[in-house]
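Chemist: quick one, structure for this:
(2 chains)
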Amino acid sequence: MTFSTGTSDMPWAIDAHGLGVEYNLRFTKKTTLRQTFTNMFGGSGTAKFWALRDVSFRVEHGESLAVIGPNGAGKSTLLQTLAGIIVPSAGSVDVRGSVSSLLTLGAGFDQELNGLDNIRLAGAFLGIEHNDMEERLARIVEFADIGQFIEAPLKTYSSGMRARLGFAIATSVDPDILLLDEVLATGDQVFRAKSKARVLELVKAAKAIVLVTHDMAWVTEYCNRAMLIEKGRVILEGNPAEVVALHEEHSERTRAEKAAEAARLMGAAAT
Amino acid sequence: MDLTREAPISYHSSAKRPGALGLVSQAIREIRSRRRLIRYLVLADLKKKGADTVLGNVWWVLDPLLQMLVYVLLVSVILNKSQPDYPLFIFAAILPWKWFTTAITDAIYSVSSQDRLIKQLQFPKIVLPTAATVAGVVNFAFGFIALGGLLLLFYRERATPYLVLLPLIAAVQFVFTLAIAYAVAAINVFYRDVGNVSRHALRLWFYLSPGLYGAATLSTLAVNHKLFIQLMSFNPFFALFNAYRSVIYDGQPPDWTSLSVLLVGSLGLLLLTTILFKRVEPSFAKVL
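Modeler: The predicted model follows:
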């Protein structure tokens, strides 16, 4: 792997500065004109919300940063923003080096095309050149281990086969920067072991990693820095053990609050 | 291993967006660097369209012919309107119109149907409506087989060297189609009504264009409906159908003036819709 020109003297791989992502709830899925008009005139005040607010951090080369936090905190939005999928509404993010986001797991590219054509199409979407992709083809097919189905249309695949193909494609590139979003939760046990090995291989080869996970053991074992996000804001950043401890304390408290709330509701229902 | 890439390696992503001209040059760069992706998408589209039918791609030749038969039956038999060589007369309009409607209908859903991909992968979304429009060209080209057969078997005396001008007229139509494709693809992400509206709008558009009837029929109407006729001349398919018909049916060169006006207008429109598409593109991943 070589550096792209001009990056070798730069120590950092990712630089996020005052990052903010705002969602406009007016345009949620399947809006029709009628709904827009009702919104316009009915006017609900909370049509916008910040999924991420004022997030600044830097990932140096050689670092592995874990992003943890409760569901809906903005972790996946953060990864999508780092991958360039979502453009920030405030602030900026600079990325130096080739990025592979393993957010693409299980992404069916085209249901009607066969496995091989899907791999080629995926390569074209990822922007990998034709010759490069042809070289990778055999490796991907072997890793995905879907046998003769590789000649069959994707719509005939089981969900496990789909996940394996997606994983094989996504991990076939050797990126400088790796963005991972809960990648180890797919497939059967054998494949999970195989994919964990491959991810570790990539983690060792990559120059920088940002991963979102709920697996705290992974965080303390493989990451040298962690960041806790709650409600779109960074709560704590630093030593993985400390951040994990705070996260667990917080989630314990939330659990207790929820249990109390549930008990109260149950009590109210009983009387 | 060194990765050679068609996608940029390092990037800067911020709330600040380039101005209108910056967006256009970005769009041109994206399409140029992603030519292969567009080609794959077009091929995938063609593979799919023929895959489930017995006759496969033969339908692309048969479709316009059958549609022609329906109109011939309706107009010259039931309504008893006479126009010499009516089948060829009408085929000259059906062929480009079918291309336009297929391309636009595909373009409408080109972005919104790729919602999963858009949320998981960064790539220039403008390739999607572009590929849909290019796929339509291939469909159109198959129609030429039908046109050639028709001319060769029944209307040999109408075939003139002017037929070689067809690609020029088609090029003008392509620019116009692409401009509309970008607009509808972008709008459909936010308002899913575009598909429903377009079905009716396209039908009305066809009947308001001199497709089933000729420009001559329109001029007889001009006495009573002056304003209407003036409005009609702004219809791009007025110029397009006339041009196709001159070359295919009348054996004459097309009206270069109206074609050039349409080309310039379409390029202007394409510029505007490209800016529109690029401006709303960042919202796609959030809205879909």
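
Chemist: show me the domain layout of chain A.
Modeler: Following automatic domain parsing, one gets these domains for chain A: A:9-35+A:48-97+A:214-271, A:98-206.

Chemist: and the shortest one, end to end?
Modeler: Across domain A:98-206, the terminal residues are separated by 10 Å (C-alpha to C-alpha, to the nearest Å).

Chemist: from the chain's centroid, how far away is it?
Modeler: Put simply, domain A:98-206 sits 15 Å off its chain's centre (C-alpha atoms, centre = their mean, to the nearest Å).

Chemist: run a quick neighbour tally on residue B:82.
Modeler: Residue B:82 is flanked by 7 other residues according to other C-beta atoms under 10 Å in any protein chain shown. In this view, the C-beta of every residue, glycine as well, is placed from N, C-alpha and C.

Chemist: quick check: it is in a helix.
Modeler: No: under DSSP: H, G, I helix; E, B strand; the rest coil, residue B:82 sits outside any helix and is assigned coil.

Chemist: which phi and psi does it have?
Modeler: When read as degrees, to the nearest 10, the backbone of residue B:82 gives phi -110, psi 140.

Chemist: make sure it is actually in contact with residue B:75.
Modeler: No: judged on C-beta atoms under 8 Å, residue B:82 makes no contact with residue B:75 at a distance of 9.6 Å.

Chemist: tell me which helix or strand the closest residue to residue A:240 other than its chain neighbours sits in.
Modeler: Closest residue to residue A:240 apart from its sequence neighbours, by C-beta to C-beta, 6 or more residues apart in numbering or on different chains: residue A:226 at 4.2 Å. Using DSSP states H and E, residue A:226 sits within strand A:225-230.

Chemist: partners of the following helix or strand past that strand, with directions?
Modeler: Later in the chain than strand A:225-230, the nearest helix or strand by DSSP H and E is strand A:233-238. Sheet pairing for strand A:233-238, assigned by DSSP bridges, gives strand A:225-230 (antiparallel).

Chemist: what does the partner strand contact?
Modeler: A:52, A:55, A:57, A:63-70, A:73-75, A:78, A:219, A:234-240, A:243-244, A:246-247, A:250 (C-beta atoms under 8 Å, 6 or more residues apart in numbering or on different chains).

Chemist: now that strand, how far from the centre of its chain.
Modeler: Centre to centre, stretch against its chain (C-alpha atoms, centre = their mean), the figure for strand A:225-230 is 15 Å.

Chemist: and the nearest residue to residue B:18 once chain neighbours are set aside, helix, strand or coil?
Modeler: Distance criterion C-beta to C-beta, 6+ apart; nearest residue to residue B:18, sequence neighbours excluded, is residue B:26 at 6.5 Å. Classification of residue B:26 using three-state DSSP returns helix.

Chemist: isn't residue B:26 right next to residue B:278, touching?
Modeler: Yes: in this structure, residue B:26 is within contact of residue B:278 by C-beta under 8 Å, at 6.4 Å.

Chemist: these two: which has the busier surroundings?
Modeler: Neighbour count, other C-beta under 10 Å: between residue B:26 and residue B:278, residue B:278 has more, with 23 against 17.

Chemist: show me what contacts the more buried one?
Modeler: Residues near residue B:278 by C-beta under 8 Å, 6+ apart: B:23, B:24, B:26, B:27, B:126.

Chemist: any quick ChimeraX command for the buried ones out of the residues you listed?
Modeler: Here is the ChimeraX command that selects only those of those that count as buried (16 or more other C-beta atoms under 10 Å in any protein chain shown):
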select /B:23,24,26,27,126
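
Chemist: re the thing from before, in ChimeraX, how would I select just the buried ones from the contacts of strand A:225-230?
Modeler: In ChimeraX, a selection of the buried entries from the contacts of strand A:225-230 looks like this (16+ other C-beta under 10 Å):
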select /A:52,55,57,63,64,65,66,67,68,69,73,74,75,78,219,234,235,236,237,240,243,244,246,247,250
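
Chemist: tell me the buried residues in the one helix or strand residue B:59 maps to?
Modeler: Assigned by DSSP H and E, residue B:59 belongs to helix B:58-72. Neighbour-count burial for helix B:58-72 flags B:59, B:60, B:61, B:63, B:64, B:65, B:67, B:68, B:71 (criterion: 16+ other C-beta under 10 Å).

Chemist: could I get the CA-only coordinates of it as CSV?
Modeler: In CSV, the C-alpha atoms belonging to helix B:58-72 read as follows (Å, rounded to 0.1, in the frame of the first residue of the first chain):
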residue,chain,number,x,y,z
VAL,B,58,-37.2,-8.6,-29.5
TRP,B,59,-39.9,-6.7,-27.6
TRP,B,60,-37.9,-3.5,-28.1
VAL,B,61,-38.5,-3.9,-31.8
LEU,B,62,-42.0,-5.2,-31.5
ASP,B,63,-43.3,-2.6,-28.9
PRO,B,64,-43.2,0.5,-31.2
LEU,B,65,-44.6,-1.5,-34.1
LEU,B,66,-47.6,-2.8,-32.0
GLN,B,67,-48.2,0.7,-30.7
MET,B,68,-48.2,2.0,-34.2
LEU,B,69,-50.8,-0.6,-35.2
VAL,B,70,-53.1,0.5,-32.3
TYR,B,71,-53.0,4.1,-33.5
VAL,B,72,-53.4,3.2,-37.1
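
Chemist: for that helix, the averaged confidence score.
Modeler: Across helix B:58-72, pLDDT averages out at 88.

Chemist: so what's the gap between the following helix or strand past it and the chain middle?
Modeler: Downstream of helix B:58-72, the next assigned helix or strand under DSSP H and E is helix B:86-112. Relative to the centre of its chain, helix B:86-112 is centred 6 Å away, using C-alpha atoms, centre = their mean.

Chemist: is helix B:86-112 positioned near chain A?
Modeler: No: Helix B:86-112 lies apart from chain A when judged by C-beta under 8 Å from any C-beta of the partner chain; the minimum separation is 9.4 Å.

Chemist: buried stuff in the following helix or strand past that helix?
Modeler: The element immediately downstream of helix B:86-112 (helix or strand, assigned by DSSP H and E) is helix B:115-120. Across helix B:115-120, burial judged by 16+ other C-beta under 10 Å covers B:117, B:118, B:119, B:120.

Chemist: ok, so of the residues you listed, who is nearest chain A?
Modeler: The nearest member of these to chain A, counting by C-beta to the nearest C-beta, is residue B:120 at 4.8 Å.

Chemist: ok, the nearest residue to residue A:216 once chain neighbours are set aside - contacts?
Modeler: The shortest distance from residue A:216 to any non-neighbouring residue, by C-beta to C-beta, 6+ apart, is to residue A:244 (5.1 Å). Neighbour list for residue A:244: A:68, A:216, A:219, A:220, A:226 [criterion: C-beta under 8 Å, 6+ apart].

Chemist: residue A:244 is in what secondary structure piece?
Modeler: Here residue A:244 is assigned to helix A:240-270, by DSSP H and E.
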